[in-house]
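Asks: kindly return the folded structure for what I paste below:
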Amino acid sequence: MRKFLVNVNGTSYEVEVEELKGDVKPAAAAPKAPEAPAPAAPKAAGAAETISAPMPGTIVGINVKVGDSFKRGQVLLVLEAMKMENEILAPRDGRVVNINTQKGSSVNSGDVLIAFE
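Replies: Just a heads-up that it's a prediction; the model follows:
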């Protein structure tokens with residue numbers, strides 16, 4: 001068995017993999033792929049959604065204020081990670097409800113940065 005560390009969407013998993021040698025045939029059919037998660041229930045009118053940090057880093061720019069409207073794809077924040085600036089884009093049109101960080105703050109993967117509706 002060999003151990004590997006695998007990162008998926010910012011979460012690390014330690015996995016063990018068995019190396020097969022020689023002419024080995026599978027003992028059974030391949031396992032089924034996991035089922036896709038059920039679609040999320042629609043949000044209630046006025047319910048805020050959030051944008052989270054995709055990786056640990058430092059906030060070097062905030063391009064919106066509470067109450068600002070924005071368009072899909074607009075740069076809302078700039079996150080510096082590993083000496084690279086990463087633009088955090090709006091996933092859809094919306095309006096900023098709350099900003100949970102400030103310029104110069106260190107954030108961890110998954111920290112909520114902005115709430116919007």
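Asks: and the residue nearest the centre of the protein?
Replies: P54 (4.1 Å; Cα atoms, centre = their mean).
Asks: these two touch, right, L79 and P56?
Replies: No. Counting by Cβ atoms under 8 Å, L79 sits too far from P56 to count as a contact (9.0 Å). C-beta: built from backbone N, CA, C; applies to glycine.
Asks: between these two, what contacts are shared?
Replies: Residues touching both L79 and P56 (Cβ atoms under 8 Å, 6 or more residues apart in numbering) are V107.
Asks: who has more neighbours out of these two?
Replies: L79 (21 against 15; other Cβ atoms under 10 Å).
Asks: would you mind identifying the next helix or strand past the helix or strand containing the more buried one?
Replies: Taking DSSP states H and E as the definition, one finds L79 inside strand 75-81. Under the assignment DSSP H and E, the closest C-terminal helix or strand after strand 75-81 is strand 84-89.
Asks: now that following strand against strand 75-81, angle please.
Replies: Taking axes from the mean of the first three to the mean of the last three Cα atoms, to 10 degrees, one finds strand 84-89 and strand 75-81 inclined to each other by 150 degrees.
Asks: and for strand 84-89, what's in contact with it?
Replies: 51, 53-55, 57, 60, 73-80, 113.
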